[in-house]
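In: A predicted structure for the sequence below; I have some questions about it.
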Amino acid sequence: MTDNKYVNEWIRESAELTCPNEIVWIDGSAEQTELLRRQAMSTGEIFKLNEELLPNCYLHRTAINDVARVEDRTYICTTKKEDTGNINNWMAPDECYAKLGKLFRGSMKGHTMYVIPYSMGVVGSEFAKIGIELTDSIYVVLNMLIMTRAGKEVIDALGIDDNGFVKGLHARANLELENRYICHFPEDNTIWSVNSGYGGNVLLGKKCFALRIASYLGRKEGWMAEHMLILGIETPDGDIKYIAAAFPSACGKTNLAMLIPPKVFAEKGYKAWCVGDDIAWLRVGKDGRLWAVNPEFGFFGVAPGTNESSNPNALATTRRDTIFTNVVHDFENNTVWWEGLDNNPPEHAMDWTGKKWNRTRYNKKDTSTYGAHPNSRFTVMATNCPCISSEFNNPEGVPISAIVFGGRRAKTAPLVYQSTDWLNGVFVGSIMASETTAAQAGAVGVVRRDPMAMLPFTGYDMGDYFTHWINMGKKIKNPPKIFNVNWFRTDDEGNFIWPGFGENLRVLLWILARCDDKVDAVSTAIGYVPIAEDINIRGLDGITVDTIRELLHVDRDLWLADAADIEKFYAKIGDRVPRELYDELTALKSRLN
Ligand code: GTP
Ligand code: SPV
Ligand code: MN
């Protein structure tokens, strides 16, 4: 398919290692894609769903031990350990190639190796980057065709003497947990993933390339790769301002990116446009402002909780052309279901593992009774989304007015606060913390620090990453204002106080008003907090100005405890944490005292 000798040589080497029966290039044509679907259906890798109710939709089940990213088996392999830092797992490149080489050896015997040329960003555009993934999984091929711009035009765009593509090798092997490895070699532009079939571990364009490898490249080349959604808010006069927001996995990016304005705002003419739901590549534009593109082409979204009132846009997006992974199969109607879709779980159904599911046993507190896996997902092209931005395919991206950090905090973080300047904003991002979710293997609901929602995705030392953030601010003429939000404060019974979802627009409008200097704020120890009356609660049932006051309250003792924890976390990151951030921490503590 190409005369590029670097590509061909690498494919030859990889085939020599993995020994596939044949090698098939993915061209992106409808015919080839359909052929692959048929093949995957014939082996039970995917099931076709009801063509009338869910046209062109499929169901896939992963192995039961393979349902989320495996952060403890994810490695950054730089020559010097210091470059990987203390937060990432590190292995020496030679050692890792040797260790994984054994696992890859012969792993594709009897299988086909698919060659997927893909572009992160608009094909051939200045800011796009090309990757090639070699995989033995049709599920991976079908997902990559949705999640990225993939096919023949990409390999043509690479040309015949360019070596600057990211080499991704994936084999399902035996899906053994003990031998599962997701390894990155940023110095070689290489990713090796073995023994998994779950999205974030195997769709190598996503977290592996567009965050871990890209963050490394971004630092070298002067831009940033971030775990951020990109959203445009249109005011009634037709002006659109863009927000980039970083929340940890399963903390609301897809939902915010597709928000529907509450009735009182929609009637006035407010609209929201989705540019991206998970990853943003940010750079300083020709006008000196910060610009963002979404390098992906689709959404790999969390299914549970998605419904007609929480996220109608996501639901509409996934009514066709979608691959569902690890959801409930309603085999009577041949459709899908998940917890939180509606109050009408199917009677005749299989759970996500493929076993008969008894809906009457369902107990919210016991995940073993769930029909869908808590990290079950949908994969669908962004262009299916009713609120996709007209700028989605613009290679220049969109200018960013505000950066928003956030996480799940039951108590400490207020509904929203604003940093005092860029450096203080970087500090606010660096001290982010959130309760863990099902998006990564391990315990759920444990508070952990997750700077800029990049804890599992930074491809180099976290201290150097903070320095890069500080330096970027110096290069931006009118840097975006930086905020922190928390939709997840709970009352004493553990219920969320803030209604969230579409209502989050009310907070975003305060944020944009601050960017335009149109509203005052209260100065607190942690930064600027809204005057409670300035959060518009018109048309919002059960929320009073007093509720907003409660949501905005900054608890001194909780924050002092947090400050102590931040100090420990910085120490763990190590001696590359910039002095400026320690100064910010000292200043925070003295303001609290
Ligand atoms: P990743 O794809 O893992 O990066 O997740 P994400 O950040 O895109 O999270 P997503 O929008 O899929 O939301 C994850 C879960 O949080 C879902 O179950 C949502 O229903 C829930 N959620 C999202 N937004 C809100 C909100 O504003 N309030 C509340 N209470 N829950 C929310
Ligand atoms: C996340 O976990 O942040 C996701 C899903 O967006 S995955 O692709 O698995 O990383
Ligand atoms: Mn994500």
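Out: On my side now, so go ahead. Numbers count the residues shown, from 1 in each chain. Ligands and ions are numbered 1, 2, ... in the order given.
In: assumed residue 33 was part of a helix.
Out: Yes - secondary structure assignment places residue 33 in a helix (DSSP: H, G, I helix; E, B strand; the rest coil).
In: I'd like to know how far it sits from ligand 1.
Out: Summarising the geometry, the distance separating residue 33 from ligand 1, computed by CB to the nearest ligand atom, to the nearest Å, is 24 Å. Just so you know, the C-beta spots here come from the backbone N, C-alpha and C atoms, and that holds for glycine as well.
In: run the chain-centre distance for stretch 15-22.
Out: Averaged C-alpha coordinates place stretch 15-22 at 32 Å from its chain's average position (CA atoms, centre = their mean, to the nearest Å).
In: for the closest residue to residue 356 other than its chain neighbours, give me the pLDDT.
Out: Nearest non-adjacent residue to residue 356, counting by CB to CB, 6 or more residues apart in numbering: residue 350, 6.2 Å away. For residue 350, the pLDDT comes out at 98.
In: again with the one 3 residues further on
Out: In the predicted model, residue 353 carries a pLDDT score of 97.
In: helix, strand or coil: sort out it for me.
Out: For residue 353, the assignment made with three-state DSSP gives coil.
In: looking at stretch 145-164 now, give me its mean pLDDT.
Out: Per-region confidence: stretch 145-164 scores 97 on mean pLDDT.
In: neighbours around the residue nearest to residue 356, how many?
Out: Applying other CB atoms under 10 Å, we find 19 residues neighbouring residue 350.
In: quick one: contacts for it?
Out: With contacts defined as CB atoms under 8 Å, 6 or more residues apart in numbering, residue 350 is in contact with 328-329, 331, 356-357.
In: skipping adjacent residues, who's closest to the most centrally placed residue in the chain in space?
Out: The central residue of the chain, meaning the one whose C-alpha is nearest the mean C-alpha position (CA atoms, centre = their mean), is residue 278 at 3.5 Å. Of all residues not flanking residue 278 in the chain, residue 253 sits nearest, at 5.9 Å (CB to CB, 6+ apart).
In: surely the one you found and residue 229 touch.
Out: Yes - Residue 253 is in contact with residue 229 according to CB atoms under 8 Å; the separation is 4.2 Å.
In: find residues that contact each of these two.
Out: 245, 247, 277-278.
In: in contact with the residue nearest to residue 501 when sequence neighbours are not counted, which residues?
Out: If the residues on either side of it in the chain are set aside, residue 501 comes closest to residue 310, at 4.9 Å by CB to CB, 6+ apart. By CB under 8 Å, 6+ apart, residue 310 lies in contact with 255, 340, 501.
In: can the host helix or strand of residue 220 be found next to ligand 2?
Out: Residue 220 belongs to helix 214-221 when assigned by DSSP states H and E. No - contact between helix 214-221 and ligand 2, assessed by CB under 6 Å from any ligand atom, is absent, since the two come no nearer than 14.0 Å.
In: distance between that helix and the chain's centre?
Out: Distance of helix 214-221 from the chain centroid (CA atoms, centre = their mean) equals 18 Å.
In: list the buried residues of that helix.
Out: Neighbour-count burial for helix 214-221, counted by 16 or more other CB atoms under 10 Å, picks out 214-219.
In: about what we covered before: which among the contacts of residue 350 end up buried?
Out: When burial is judged by neighbour count using 16+ other CB under 10 Å, the buried members of the contacts of residue 350 are 328-329, 357.
In: and which of these is nearest to ligand 3?
Out: residue 328 (22.7 Å; CB to the ion).
In: residues touching that closest one, list them.
Out: By CB under 8 Å, 6+ apart, residue 328 lies in contact with 336-338, 345-346, 349-352, 357, 371-372.
In: remind me, longest helix of the protein?
Out: The helix that spans the most residues within the chain, counting by DSSP state H, is helix 556-573.
In: and it, how far out from the chain's middle?
Out: 26 Å.
In: which other helices and strands contact it?
Out: With contacts defined as 3 or more CB pairs under 8 Å, 6 or more residues apart in numbering; DSSP states H and E, the packing partners of helix 556-573 are strand 447-449, helix 579-592.
In: any idea which of the ones you listed scores lowest on pLDDT?
Out: Note on these: strand 447-449 shows the lowest mean pLDDT, a mean of 95.
In: stretch 310-328 spans what distance, first to last residue?
Out: Length of stretch 310-328, first residue to last, CA to CA, to the nearest Å: 19 Å.
In: against residue 285, how distant is the residue sitting furthest away from the middle of the chain?
Out: In the chain, residue 593 marks the outermost C-alpha relative to the chain mean, sitting 36.7 Å out by CA atoms, centre = their mean. Note on residue 593: its distance to residue 285, by CB to CB, to the nearest Å, is 42 Å.
In: residue contacts, the closest residue to ligand 2 within the chain?
Out: Distances from the chain to ligand 2, computed as CB to the nearest ligand atom, single out residue 200 as the nearest residue at 2.1 Å. The contact partners of residue 200, by CB under 8 Å, 6+ apart, come to 68-69, 206-207, 300, 439.
In: so which residues on this protein come close to ligand 1?
Out: Where proximity means CB under 6 Å from any ligand atom, the interface of the chain facing ligand 1 comprises 247, 249-255, 277-278, 301-302, 304-305, 310, 439, 487-488, 496, 500-501, 504.
In: in helices, which of these fall?
Out: Counting by DSSP H, the residues of the chain next to ligand 1 contribute 253-255 to helices.
In: and the strands in the stretch 351-500 of the chain?
Out: Taking DSSP state E, counting those that start in this stretch to define them, one finds strands in the stretch 351-500 of the chain at 356-357, 377-381, 398-406, 416-418, 433-435, 447-449, 481-485.
In: give the pairing partners of the third one; include direction for each.
Out: The one in question is strand 398-406. strand 240-246 (parallel), strand 290-293 (antiparallel), strand 481-485 (parallel) (DSSP bridges).
In: near ligand 2, anything from that strand?
Out: No - with CB under 6 Å from any ligand atom as the criterion, ligand 2 is not reached by strand 398-406; the gap is at least 13.8 Å.
In: average pLDDT for that strand?
Out: Predicted confidence along strand 398-406 averages 98 (mean pLDDT).
In: mark which of the contacts of residue 310 are buried, thanks.
Out: Among the contacts of residue 310, those that count as buried by neighbour count (16+ other CB under 10 Å) are 255, 501.
In: which bits of the stretch 351-500 of the chain sit near ligand 2?
Out: Close to ligand 2, as judged by CB under 6 Å from any ligand atom, the stretch 351-500 of the chain has residues residue 439.
In: looking at the stretch 351-500 of the chain, which residue is nearest ligand 3?
Out: Relative to ligand 3, the nearest point of the stretch 351-500 of the chain is residue 439 (6.9 Å; CB to the ion).
In: please report how far that residue lies from residue 345.
Out: Relative to residue 345, residue 439 is positioned 23 Å away (CB to CB).
In: about what we covered before: next, count neighbours for the residue of the stretch 351-500 of the chain closest to ligand 3.
Out: Neighbour tally, residue 439, other CB under 10 Å: 21.
In: pLDDT at the nearest residue to it once chain neighbours are set aside, what is it?
Out: What sits nearest to residue 439 in space, not counting adjacent residues and going by CB to CB, 6+ apart, is residue 249, at 3.4 Å. The score at residue 249 is 97. That number is its pLDDT.
In: quick check: the gap between residue 249 and residue 510.
Out: Residue 249 sits 26 Å away from residue 510, taking CB to CB as the criterion.
In: what lies in contact with stretch 333-347?
Out: By CB under 8 Å, 6+ apart, the surrounding residues in contact with stretch 333-347 are 49-50, 53-54, 57, 59, 303-308, 310, 324, 327-330, 332, 349, 359, 362, 370-372, 374, 376.
In: select only the buried ones of the residues you listed in PyMOL?
Out: Those of the contacts of stretch 333-347 that meet the burial criterion (16+ other CB under 10 Å) are gathered into one PyMOL selection, given here:
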select buried, resi 49+54+57+59+303+304+305+306+307+310+324+327+328+329+330+349+359+370+371+372+374+376
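In: all good on my end, thank you.
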